[in-house]
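Enquirer: structure for this input, please:
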Amino acid sequence: MLNYIWGIMILLAVVVASFTGKMPDITNSALESAQDAVALCVKMTGIVAMWTGLMKIAEKAGLVEALSKKLSPVMKFLFPDLHSGSKAAKHISTNFIANILGIGWAATPAGLKAMEELQKTNPDKTTASRNMCMFLIINMSSLQIVSVNIVAYRAQYNSVNPSEIIGPGLVTTLVSTLTAVIAAKIFEKVRFK
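Expert: Numbers count the residues shown, from 1 in each chain. Got it, this is the predicted structure:
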């Protein structure tokens with residue numbers, strides 16, 4: 001459906017531009033936008049490579065495992081049915097650590113593997129388990145200390161202070177995550193009574 005909407009909008013822009021004599025503006029805008037998109041992709045690729053590499057180094061150095069152990073009380077509260085030494089717990093911890101550091105692209109593979117492992121232990125394969133629901137809720141609420149991608153976008157577009165959003169972003173994501181967890185725990189209690 002969205003493809004049709006975009007197609008209609010582009011077609012209307014071309015028709016209106018041809019009647020108003022603005023066709024060169026449409027062409028120039030399309031070329032400039034394509035150039036900006038490529039520049040942004042190149043910059044973001046570098047940032048993604050750097051943070052993904054740092055995450056791999058942290059994993060190899062045992063930092064992820066150490067942080068996972070520190071997260072175990074939180075994990076026990078959030079996922080009471082999950083065994084602390086399971087593969088799912090490891091992947092969830094890795095995902096949380098990457099998300100907290102604001103490197104969601106490094107968190108995605110761990111998140112997919114966590115869901116895969118959670119599905120293996122799910123007794124009803126057609127319905128998400130409460131561990132799966134909690135994991136999705138926390139991922140969607142997006143707790144981050146540093147939102148690396150937003151800082152990178154702001155730097156790309158020449159913001160005077162690209163990192164000034166870190167404080168407000170932290171407060172916002174903290175509130176959204178706490179709200180999500182509280183709501184999930186309430187619904188969990190209602191559902192499992």
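Enquirer: mind listing what the residue most central in space within the chain touches?
Expert: With distances taken as C-alpha atoms, centre = their mean, residue 104 lies nearest the centre of the chain, 4.2 Å away. Going by C-beta atoms under 8 Å, 6 or more residues apart in numbering, residue 104 touches 98, 142, 149. Every residue, glycine included, has its C-beta placed from N, CA and C.
Enquirer: now do the helices in the protein.
Expert: All helices of the chain, identified by DSSP state H, fall at 2-20, 23-60, 63-78, 87-100, 104-120, 130-141, 148-156, 166-192.
Enquirer: can you show me the CA trace of the lowest-mean-pLDDT helix or strand in the chain as PDB?
Expert: When each helix and strand of the chain is scored by mean pLDDT, DSSP states H and E, helix 148-156 comes last, with a mean of 78. Provided in PDB are the C-alpha atoms of helix 148-156 (Å, rounded to 0.1, in the frame of the first residue of the first chain):
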ATOM      1  CA  VAL A 148      25.000   6.500  18.600                       C
ATOM      2  CA  ASN A 149      22.900   6.600  15.400                       C
ATOM      3  CA  ILE A 150      21.200   9.800  16.300                       C
ATOM      4  CA  VAL A 151      24.500  11.500  17.200                       C
ATOM      5  CA  ALA A 152      25.900  10.300  13.900                       C
ATOM      6  CA  TYR A 153      22.900  11.700  11.900                       C
ATOM      7  CA  ARG A 154      23.300  15.000  13.700                       C
ATOM      8  CA  ALA A 155      27.000  15.100  13.000                       C
ATOM      9  CA  GLN A 156      26.300  14.200   9.300                       C
END
